[in-house]
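Enquirer: next come a sequence and a model predicted from it.
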Amino acid sequence: MSGVDWESLVEATSGAVGALVSTTALYPLDTCKTKYQAEVRSEGCRKYRNLTDVLKEAIKENKVLSLYQGLTTKNIQTFISQFIYFYGYSFFKQLYLRKSGKKKIGTTVNLLVGVAAGCCTVILTQPLDNASSKMQTSAFGKSKGLWTTLTEGSLADAFDALPISILLTTNPAIQYTVFDQLKLRLLHGQNQKARSSGAVSKAVALSAFSAFVLGAISKTVATILTYPAIRCKVMIQSADPDQDEETQDKLKHPKTFFGAFKAIWSNEGLPGFFKGLQAQILKTVLSSALLLMIKEKIAKFTWVALMAVRQHLVTIKKRVKSV
(Lines give C-alpha, C1' and ligand atoms only; values in the text may rest on other atoms or scores of the structure.)
Protein backbone atom coordinates (compact mmCIF):
# COMPACT_ATOMS: atom_id res chain seq x y z
CA MET A 1 0.00 0.00 0.00
CA SER A 2 3.05 2.25 0.26
CA GLY A 3 2.92 2.95 -3.47
CA VAL A 4 -0.44 4.72 -3.23
CA ASP A 5 -0.33 8.52 -3.33
CA TRP A 6 -2.86 9.05 -0.53
CA GLU A 7 -2.68 12.83 -0.59
CA SER A 8 -3.58 12.91 -4.28
CA LEU A 9 -6.31 10.35 -3.67
CA VAL A 10 -7.86 12.55 -0.96
CA GLU A 11 -7.75 15.58 -3.26
CA ALA A 12 -9.34 13.59 -6.08
CA THR A 13 -12.10 12.07 -3.96
CA SER A 14 -13.10 15.28 -2.18
CA GLY A 15 -12.97 17.26 -5.43
CA ALA A 16 -15.08 14.72 -7.30
CA VAL A 17 -17.73 14.60 -4.56
CA GLY A 18 -17.87 18.39 -4.46
CA ALA A 19 -18.28 18.53 -8.22
CA LEU A 20 -21.05 15.93 -8.12
CA VAL A 21 -23.07 17.90 -5.58
CA SER A 22 -22.66 21.24 -7.34
CA THR A 23 -23.50 19.77 -10.76
CA THR A 24 -26.72 18.18 -9.50
CA ALA A 25 -27.83 21.31 -7.65
CA LEU A 26 -27.34 23.60 -10.65
CA TYR A 27 -28.26 21.26 -13.50
CA PRO A 28 -31.49 23.00 -14.65
CA LEU A 29 -29.55 26.25 -14.99
CA ASP A 30 -26.84 24.39 -16.90
CA THR A 31 -29.41 22.94 -19.33
CA CYS A 32 -30.93 26.38 -19.99
CA LYS A 33 -27.48 27.87 -20.50
CA THR A 34 -26.33 25.13 -22.86
CA LYS A 35 -29.45 25.25 -25.07
CA TYR A 36 -29.18 29.05 -25.22
CA GLN A 37 -25.49 28.92 -26.18
CA ALA A 38 -26.01 26.24 -28.81
CA GLU A 39 -28.46 28.30 -30.91
CA VAL A 40 -26.81 30.29 -33.69
CA ARG A 41 -29.23 32.29 -35.80
CA SER A 42 -29.64 35.83 -37.01
CA GLU A 43 -31.55 38.24 -34.76
CA GLY A 44 -34.92 37.90 -36.49
CA CYS A 45 -35.00 34.09 -36.43
CA ARG A 46 -33.87 33.29 -32.91
CA LYS A 47 -35.94 30.90 -30.86
CA TYR A 48 -34.33 32.02 -27.61
CA ARG A 49 -33.79 35.75 -27.22
CA ASN A 50 -32.55 35.36 -23.66
CA LEU A 51 -31.86 32.64 -21.13
CA THR A 52 -35.29 32.74 -19.51
CA ASP A 53 -36.94 31.81 -22.84
CA VAL A 54 -35.59 28.27 -22.42
CA LEU A 55 -37.20 27.98 -19.00
CA LYS A 56 -40.47 29.46 -20.32
CA GLU A 57 -40.50 26.87 -23.11
CA ALA A 58 -40.13 24.01 -20.63
CA ILE A 59 -42.93 25.38 -18.47
CA LYS A 60 -45.22 26.05 -21.45
CA GLU A 61 -44.79 22.49 -22.74
CA ASN A 62 -45.21 21.01 -19.24
CA LYS A 63 -41.76 19.48 -19.48
CA VAL A 64 -39.97 21.11 -16.58
CA LEU A 65 -38.48 17.74 -15.61
CA SER A 66 -36.82 17.69 -19.04
CA LEU A 67 -34.47 20.32 -17.68
CA TYR A 68 -32.84 17.32 -15.98
CA GLN A 69 -32.41 15.30 -19.18
CA GLY A 70 -28.88 13.93 -19.32
CA LEU A 71 -28.27 14.45 -15.59
CA THR A 72 -27.04 10.89 -15.00
CA THR A 73 -24.60 11.13 -17.89
CA LYS A 74 -23.43 14.54 -16.72
CA ASN A 75 -22.87 13.24 -13.20
CA ILE A 76 -20.88 10.27 -14.45
CA GLN A 77 -18.79 12.54 -16.64
CA THR A 78 -18.36 15.11 -13.86
CA PHE A 79 -17.33 12.59 -11.21
CA ILE A 80 -14.83 10.82 -13.46
CA SER A 81 -13.36 14.00 -14.94
CA GLN A 82 -13.05 15.80 -11.61
CA PHE A 83 -11.53 12.75 -9.94
CA ILE A 84 -8.94 12.42 -12.71
CA TYR A 85 -8.31 16.17 -12.74
CA PHE A 86 -7.85 16.59 -9.00
CA TYR A 87 -5.73 13.43 -8.74
CA GLY A 88 -3.55 14.51 -11.65
CA TYR A 89 -3.30 18.08 -10.37
CA SER A 90 -2.22 16.97 -6.90
CA PHE A 91 0.03 14.19 -8.23
CA PHE A 92 1.91 16.41 -10.69
CA LYS A 93 2.23 19.16 -8.08
CA GLN A 94 3.67 16.78 -5.47
CA LEU A 95 5.95 15.25 -8.10
CA TYR A 96 7.34 18.66 -9.01
CA LEU A 97 7.96 19.57 -5.36
CA ARG A 98 9.77 16.27 -4.74
CA LYS A 99 11.92 16.53 -7.85
CA SER A 100 12.73 20.22 -7.47
CA GLY A 101 13.26 20.16 -3.71
CA LYS A 102 11.21 23.34 -3.37
CA LYS A 103 8.66 23.97 -0.63
CA LYS A 104 6.24 26.00 -2.74
CA ILE A 105 5.06 25.88 -6.34
CA GLY A 106 5.19 29.06 -8.40
CA THR A 107 2.37 30.51 -10.46
CA THR A 108 3.82 29.49 -13.85
CA VAL A 109 4.50 25.91 -12.81
CA ASN A 110 1.10 25.74 -11.15
CA LEU A 111 -0.50 26.75 -14.43
CA LEU A 112 1.46 24.11 -16.35
CA VAL A 113 0.54 21.45 -13.80
CA GLY A 114 -3.13 22.35 -14.19
CA VAL A 115 -2.90 22.13 -17.98
CA ALA A 116 -1.20 18.72 -17.80
CA ALA A 117 -3.91 17.40 -15.47
CA GLY A 118 -6.61 18.89 -17.68
CA CYS A 119 -5.25 17.27 -20.85
CA CYS A 120 -5.27 13.84 -19.21
CA THR A 121 -8.86 14.48 -18.13
CA VAL A 122 -10.39 15.63 -21.43
CA ILE A 123 -8.77 12.89 -23.51
CA LEU A 124 -10.30 10.21 -21.28
CA THR A 125 -13.74 11.79 -20.81
CA GLN A 126 -14.48 13.59 -24.11
CA PRO A 127 -17.08 11.03 -25.34
CA LEU A 128 -19.08 11.45 -22.13
CA ASP A 129 -18.79 15.23 -22.36
CA ASN A 130 -20.11 15.20 -25.93
CA ALA A 131 -22.94 12.84 -25.00
CA SER A 132 -24.10 14.95 -22.07
CA SER A 133 -24.14 18.12 -24.22
CA LYS A 134 -26.16 16.41 -26.96
CA MET A 135 -28.67 15.15 -24.40
CA GLN A 136 -29.03 18.63 -22.87
CA THR A 137 -29.55 20.36 -26.21
CA SER A 138 -32.06 17.83 -27.56
CA ALA A 139 -35.69 18.95 -27.76
CA PHE A 140 -37.41 18.67 -24.41
CA GLY A 141 -38.55 15.09 -23.87
CA LYS A 142 -36.61 13.76 -26.88
CA SER A 143 -33.23 13.09 -25.29
CA LYS A 144 -31.77 9.68 -26.16
CA GLY A 145 -30.11 7.33 -23.70
CA LEU A 146 -26.39 7.37 -23.00
CA TRP A 147 -25.55 4.25 -25.00
CA THR A 148 -27.61 5.38 -28.02
CA THR A 149 -26.02 8.82 -27.92
CA LEU A 150 -22.52 7.38 -27.69
CA THR A 151 -22.98 4.87 -30.52
CA GLU A 152 -25.10 6.79 -33.05
CA GLY A 153 -22.01 8.26 -34.72
CA SER A 154 -18.49 7.14 -35.56
CA LEU A 155 -15.61 6.85 -33.13
CA ALA A 156 -14.30 10.18 -34.44
CA ASP A 157 -17.67 11.79 -33.66
CA ALA A 158 -17.30 10.71 -30.03
CA PHE A 159 -14.24 12.94 -29.83
CA ASP A 160 -15.74 16.02 -31.50
CA ALA A 161 -14.40 19.27 -30.02
CA LEU A 162 -11.41 17.50 -28.43
CA PRO A 163 -8.91 20.16 -29.66
CA ILE A 164 -11.07 22.90 -28.10
CA SER A 165 -11.42 20.88 -24.90
CA ILE A 166 -7.64 20.60 -24.74
CA LEU A 167 -7.37 24.35 -25.32
CA LEU A 168 -9.90 24.91 -22.53
CA THR A 169 -7.71 23.04 -20.04
CA THR A 170 -6.34 26.51 -19.42
CA ASN A 171 -9.71 27.36 -17.83
CA PRO A 172 -9.46 25.18 -14.71
CA ALA A 173 -5.72 25.73 -14.73
CA ILE A 174 -6.25 29.50 -14.51
CA GLN A 175 -9.05 28.99 -11.99
CA TYR A 176 -7.11 26.82 -9.55
CA THR A 177 -3.95 28.85 -9.96
CA VAL A 178 -5.83 32.03 -9.04
CA PHE A 179 -7.63 30.20 -6.22
CA ASP A 180 -4.41 28.76 -4.75
CA GLN A 181 -2.62 32.09 -4.90
CA LEU A 182 -5.54 33.97 -3.31
CA LYS A 183 -5.84 31.25 -0.66
CA LEU A 184 -2.13 31.48 0.23
CA ARG A 185 -2.30 35.26 0.50
CA LEU A 186 -5.45 35.16 2.61
CA LEU A 187 -4.07 32.55 5.01
CA HIS A 188 -0.76 34.41 5.19
CA GLY A 189 -2.62 37.59 6.09
CA GLN A 190 -4.66 35.76 8.72
CA ASN A 191 -1.53 34.27 10.26
CA GLN A 192 0.22 37.65 10.36
CA LYS A 193 -2.81 39.16 12.04
CA ALA A 194 -2.89 36.31 14.56
CA ARG A 195 0.81 36.74 15.38
CA SER A 196 0.42 40.48 15.83
CA SER A 197 -2.34 39.85 18.37
CA GLY A 198 -0.20 37.36 20.30
CA ALA A 199 -1.98 34.21 19.09
CA VAL A 200 0.17 31.18 18.27
CA SER A 201 -2.30 29.09 16.25
CA LYS A 202 -1.76 28.91 12.50
CA ALA A 203 -4.63 29.06 10.01
CA VAL A 204 -4.39 26.08 7.64
CA ALA A 205 -7.89 25.98 6.13
CA LEU A 206 -10.33 28.45 4.66
CA SER A 207 -13.73 29.11 6.13
CA ALA A 208 -16.70 28.03 3.99
CA PHE A 209 -17.49 31.65 3.11
CA SER A 210 -13.88 32.47 2.17
CA ALA A 211 -13.64 29.35 -0.02
CA PHE A 212 -16.91 30.32 -1.74
CA VAL A 213 -15.77 33.89 -2.45
CA LEU A 214 -12.31 32.89 -3.69
CA GLY A 215 -13.84 30.16 -5.83
CA ALA A 216 -16.24 32.67 -7.40
CA ILE A 217 -13.49 35.19 -8.14
CA SER A 218 -11.11 32.62 -9.61
CA LYS A 219 -13.76 31.07 -11.88
CA THR A 220 -14.96 34.46 -13.13
CA VAL A 221 -11.44 35.35 -14.26
CA ALA A 222 -11.01 32.00 -16.04
CA THR A 223 -14.43 32.13 -17.71
CA ILE A 224 -14.04 35.61 -19.17
CA LEU A 225 -10.64 34.74 -20.65
CA THR A 226 -11.80 31.54 -22.34
CA TYR A 227 -15.46 32.18 -23.20
CA PRO A 228 -15.26 32.45 -27.03
CA ALA A 229 -13.76 28.95 -27.13
CA ILE A 230 -16.46 27.71 -24.74
CA ARG A 231 -19.20 29.01 -27.05
CA CYS A 232 -17.65 27.31 -30.08
CA LYS A 233 -17.33 24.05 -28.15
CA VAL A 234 -21.02 24.03 -27.16
CA MET A 235 -22.03 24.55 -30.80
CA ILE A 236 -19.94 21.60 -31.96
CA GLN A 237 -21.23 19.31 -29.22
CA SER A 238 -24.92 20.22 -29.46
CA ALA A 239 -27.63 17.99 -30.89
CA ASP A 240 -28.95 18.50 -34.42
CA PRO A 241 -31.64 21.20 -34.80
CA ASP A 242 -35.17 20.09 -33.93
CA GLN A 243 -36.80 18.51 -36.96
CA ASP A 244 -40.21 19.95 -36.16
CA GLU A 245 -39.22 23.62 -36.16
CA GLU A 246 -40.89 25.74 -38.83
CA THR A 247 -38.06 28.14 -39.48
CA GLN A 248 -36.23 27.51 -42.73
CA ASP A 249 -32.79 28.87 -41.85
CA LYS A 250 -31.61 25.80 -39.94
CA LEU A 251 -27.88 25.62 -39.65
CA LYS A 252 -25.88 22.44 -39.91
CA HIS A 253 -23.88 22.16 -36.73
CA PRO A 254 -20.17 22.71 -37.43
CA LYS A 255 -17.67 20.04 -36.49
CA THR A 256 -14.56 22.18 -36.22
CA PHE A 257 -13.49 25.26 -34.32
CA PHE A 258 -13.16 27.27 -37.51
CA GLY A 259 -16.61 26.12 -38.68
CA ALA A 260 -18.15 27.26 -35.39
CA PHE A 261 -16.18 30.51 -35.52
CA LYS A 262 -17.43 31.23 -39.04
CA ALA A 263 -21.05 30.42 -38.13
CA ILE A 264 -21.01 32.77 -35.16
CA TRP A 265 -19.31 35.57 -37.09
CA SER A 266 -21.65 35.27 -40.09
CA ASN A 267 -24.88 35.20 -38.09
CA GLU A 268 -24.18 37.15 -34.93
CA GLY A 269 -21.01 39.16 -35.44
CA LEU A 270 -18.51 39.92 -32.70
CA PRO A 271 -21.11 40.04 -29.86
CA GLY A 272 -22.01 36.45 -30.70
CA PHE A 273 -18.73 35.20 -29.27
CA PHE A 274 -19.92 36.38 -25.88
CA LYS A 275 -23.58 35.34 -26.16
CA GLY A 276 -24.59 33.74 -22.88
CA LEU A 277 -21.51 34.98 -21.02
CA GLN A 278 -23.57 36.16 -18.04
CA ALA A 279 -25.30 32.78 -17.80
CA GLN A 280 -21.97 30.98 -18.13
CA ILE A 281 -20.45 33.07 -15.35
CA LEU A 282 -23.48 32.60 -13.11
CA LYS A 283 -23.51 28.83 -13.55
CA THR A 284 -19.78 28.19 -13.47
CA VAL A 285 -19.09 30.59 -10.63
CA LEU A 286 -21.81 29.08 -8.46
CA SER A 287 -20.76 25.56 -9.43
CA SER A 288 -17.05 26.11 -8.85
CA ALA A 289 -17.57 28.04 -5.65
CA LEU A 290 -19.78 25.25 -4.28
CA LEU A 291 -17.30 22.64 -5.45
CA LEU A 292 -14.34 24.27 -3.76
CA MET A 293 -16.32 25.03 -0.61
CA ILE A 294 -17.47 21.41 -0.31
CA LYS A 295 -14.01 20.10 -1.20
CA GLU A 296 -12.38 22.21 1.51
CA LYS A 297 -14.91 21.01 4.10
CA ILE A 298 -14.87 17.29 3.36
CA ALA A 299 -11.13 16.94 2.72
CA LYS A 300 -10.40 16.19 6.40
CA PHE A 301 -13.21 13.63 6.63
CA THR A 302 -12.05 12.04 3.36
CA TRP A 303 -8.51 11.77 4.72
CA VAL A 304 -9.71 10.05 7.90
CA ALA A 305 -11.92 7.67 5.91
CA LEU A 306 -9.17 6.72 3.48
CA MET A 307 -6.68 6.20 6.29
CA ALA A 308 -9.18 3.85 7.91
CA VAL A 309 -9.50 1.97 4.61
CA ARG A 310 -5.72 1.86 4.33
CA GLN A 311 -5.34 0.43 7.83
CA HIS A 312 -8.04 -2.15 7.12
CA LEU A 313 -6.28 -3.26 3.92
CA VAL A 314 -2.95 -3.51 5.73
CA THR A 315 -4.58 -5.68 8.39
CA ILE A 316 -6.09 -7.96 5.76
CA LYS A 317 -2.71 -8.22 4.01
CA LYS A 318 -1.02 -9.27 7.26
CA ARG A 319 -3.66 -11.91 7.92
CA VAL A 320 -3.26 -13.33 4.44
CA LYS A 321 0.49 -13.57 4.88
CA SER A 322 0.12 -15.30 8.23
CA VAL A 323 -2.12 -18.03 6.80
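Expert: Done, it's in. Residues are numbered from 1 along each chain as shown.
Enquirer: any regions of the stretch 201-323 of the chain where pLDDT drops low?
Expert: Scanning the stretch 201-323 of the chain for pLDDT under 70 picks out 201-205, 240-253, 303, 322-323.
Enquirer: at 80 what do you get?
Expert: For the stretch 201-323 of the chain, the stretches flagged by pLDDT under 80 are 201-208, 212, 215-216, 239-255, 284-285, 288-289, 291-323.
Enquirer: flag every buried residue along the host helix or strand of Gln136.
Expert: Gln136 belongs to helix 107-137 when assigned by DSSP states H and E. The neighbour-count check on helix 107-137 (16 or more other C-beta atoms under 10 Å) flags 109-118, 120-122, 125-137 as buried. C-beta: built from backbone N, CA, C; applies to glycine.
Enquirer: whichever helix or strand Val17 is part of versus helix 107-137: what angle between them?
Expert: Using DSSP H and E, Val17 sits in helix 6-25. On the basis of axes from the mean of the first three to the mean of the last three C-alpha atoms, to 10 degrees, helix 6-25 is oriented at 40 degrees to helix 107-137.
Enquirer: what angle separates the following helix or strand past helix 6-25 from helix 107-137?
Expert: Per DSSP H and E, the first helix or strand lying C-terminal to helix 6-25 is helix 27-38. Orientation of helix 27-38 against helix 107-137 (the same axes, to 10 degrees) gives an angle of 90 degrees.
Enquirer: and helix 27-38, what other elements does it pack with?
Expert: helix 51-60, helix 71-100, helix 107-137, helix 208-237, helix 277-322 (3 or more C-beta pairs under 8 Å, 6 or more residues apart in numbering; DSSP states H and E).
Enquirer: now the ones you listed in TSV, with distance to Leu150?
Expert: TSV is the format used below for these (distance: least, C-beta to C-beta, whole Å):
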stretch	distance to Leu150
helix 51-60	25
helix 71-100	9
helix 107-137	5
helix 208-237	13
helix 277-322	24
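Enquirer: between those helices, which gets nearest to Tyr27?
Expert: helix 71-100 (5.3 Å; C-beta to C-beta).
Enquirer: how about that closest one: buried residues?
Expert: Applying 16+ other C-beta under 10 Å to helix 71-100 flags 71, 73-94, 96 as buried.
Enquirer: direction-wise, compare that helix with helix 107-137 and give the angle.
Expert: Going by the same axes, to 10 degrees, helix 71-100 makes 170 degrees with helix 107-137.
Enquirer: from the contact counts, what lies against helix 71-100?
Expert: Using 3+ C-beta pairs under 8 Å, 6+ apart, helix 71-100 sits against helix 6-25, helix 27-38, helix 107-137, helix 146-151.
Enquirer: quick check: closest non-adjacent residue to Gln278.
Expert: Leu51 (7.9 Å; C-beta to C-beta, 6 or more residues apart in numbering).
Enquirer: report pLDDT for that neighbour.
Expert: pLDDT for Leu51: 86.
Enquirer: and what of Asp30?
Expert: So Asp30 comes in at 90 (pLDDT).
Enquirer: right, and it touches Leu282 too?
Expert: No. The criterion here is C-beta atoms under 8 Å, and Asp30 misses it with Leu282 at 10.3 Å.
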